[in-house]
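Novice: structure for the following, please:
(one chain, ligands or ions: 1)
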Amino acid sequence: MDLLSRQNPVFSAYALYSVLLSLKMLALFLRIAYLRVKKKIFISPEDTSLAPGAVVNRDDPDIERTRRAHLNDLENIPMFWIIGFLYVLTRPSALIAENLFRLYFVARAIHTFVYAFVVFPQPTRAISFLVGIAVKFYMSLQVLAYFS
Ligand SMILES: N[C@@H](CCC(=O)N[C@@H](CS)C(=O)NCC(=O)O)C(=O)O
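Specialist: Numbers count the residues shown, from 1 in each chain. Coordinates of the predicted model:
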């Protein structure tokens, strides 16, 4: 069986959850754009020509919160794409790998939801963040063990 093919359930799960994470990030990016146009609040002076009456403001709580969620994704998800890919190459158990990828996606989706959409009290966001870190840490150890 080719490791990087649809026939490999681990690679299929990696591809599926990688794409879902990309779409999740895209949704945040679209939400920022939507909020900017709706509130007529932009980050750079030249952007104000995009909507009549628009202003420059870098302190809007809704926009900044969504931007922080997006930045946090950028700090975390690219690492998943790299480590997750290397983890696929270690030929892990399909059951474990699929559930790890699923868990990572759910943790990041919860992080986004409670940060950018409906604000939940802490430690909800911290836990979702830490679950994601734990998944990447576990996969990193597996990759180290396999390739060293
Ligand atoms: N760059 C992050 C590193 C730590 C982190 O990612 N913490 C999580 C859980 S509390 C978080 O959601 N941080 C908020 C953020 O990055 O905006 C920070 O400064 O907070």
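
Novice: which is the next helix or strand following the longest helix that the chain contains?
Specialist: Counting by DSSP state H, the longest helix found in the chain is helix 9-39. Where DSSP states H and E defines the elements, the next helix or strand beyond helix 9-39 is strand 41-42.

Novice: show me which residues of the longest helix of the chain are buried.
Specialist: Using 16 or more other Cβ atoms under 10 Å as the burial criterion, the residues of helix 9-39 that qualify are 10-15, 17-18, 20-21, 24-25, 28, 31-32, 35-36. For the C-beta atoms, the positions are set from N, CA and C on the backbone; glycine is no exception.

Novice: same question, stretch 61-80
Specialist: The neighbour-count check on stretch 61-80 (16+ other Cβ under 10 Å) flags Ile63, Arg65, Thr66, Arg67, Ala69, His70, Asn72, Asp73, Asn76, Ile77, Phe80 as buried.

Novice: relative to helix 9-39, how tilted is the helix or strand hosting the first one?
Specialist: Counting by DSSP H and E, the element that carries Ile63 is helix 61-89. Our comparison of helix 61-89 with helix 9-39, counting by axes from the mean of the first three to the mean of the last three Cα atoms, to 10 degrees, yields an angle of 170 degrees.
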